[in-house]
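*Asks:* Model the structure of this input:
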Amino acid sequence: MSPSSISNELTYGNRAIAHGAIDAELEFYSAYPMTPASTLLTEIIQAKSVPYLQAEDEIAVMNAALGASFTGARSMVGTSGGGFALMTEALSFAAQAEFPIVAVLSQRAGPSTGTPTYHEQGDMLYAVRPTFGDTDNVVMIPSSMEE
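*Replies:* So this is what the prediction gives:
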């Protein structure tokens, strides 16, 4: 699916991210189904063009992507809240070893466990500094479909 073919139809953020990654020649995707990131995995599977792994937990997800990145594959993972917290040790190693990995952190509307009382930006703040040491991370936080 090319970017032009997605622009004239009704879509949603995870679909745009998945197909943007595919168009950017994504070579490996791994995920443990965790809402609201689950549809990223669905879109990757339905595209039938990217090898993927639905692993047993988020630690395995990040380590699989780390292994794929080590071989030179363009790797991406998808998760939300608590799943991202479980990935950070391997993400720290990836940064120290200079293995690039894209991690999509699909934010829920409140604390990482849901929306009990009010909306907050805790996941975004955590995404800025998830690793050990002085590693700089590229964090993109789109607020519209165009972004």
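
*Asks:* any idea which residue sits dead centre in this structure?
*Replies:* V104 (1.9 Å; C-alpha atoms, centre = their mean).

*Asks:* Does it belong to a helix, a strand or coil?
*Replies:* strand (DSSP: H, G, I helix; E, B strand; the rest coil).

*Asks:* hang on, isn't it packed against S80?
*Replies:* No - V104 lies out of contact with S80 (C-beta atoms under 8 Å); the separation is 9.1 Å. Every residue, glycine included, has its C-beta placed from N, CA and C.

*Asks:* residues shared between the contacts of the two?
*Replies:* A37 (C-beta atoms under 8 Å, 6 or more residues apart in numbering).

*Asks:* Enumerate every residue touching the residue nearest to the centre of the chain.
*Replies:* By C-beta under 8 Å, 6+ apart, the neighbours of V104 are 17, 37, 40, 76-79.

*Asks:* Might you report the residue contacts of N14?
*Replies:* 36-37, 39-40, 43, 78, 106.

*Asks:* er, V50 I mean
*Replies:* Here V50 is in contact with 21-22, 26-29, 44 (C-beta under 8 Å, 6+ apart).

*Asks:* From A68, how far out is it?
*Replies:* V50 is 11 Å from A68, where distance means C-beta to C-beta, to the nearest Å.

*Asks:* Name the residues contacting each of these two.
*Replies:* With C-beta under 8 Å, 6+ apart as the test, V50 and A68 both reach 27-28.

*Asks:* list the buried ones in the helix or strand hosting T42?
*Replies:* Taking DSSP states H and E as the definition, one finds T42 inside helix 38-47. By neighbour count on 16 or more other C-beta atoms under 10 Å, the buried set for helix 38-47 is 38-41, 43-44, 47.
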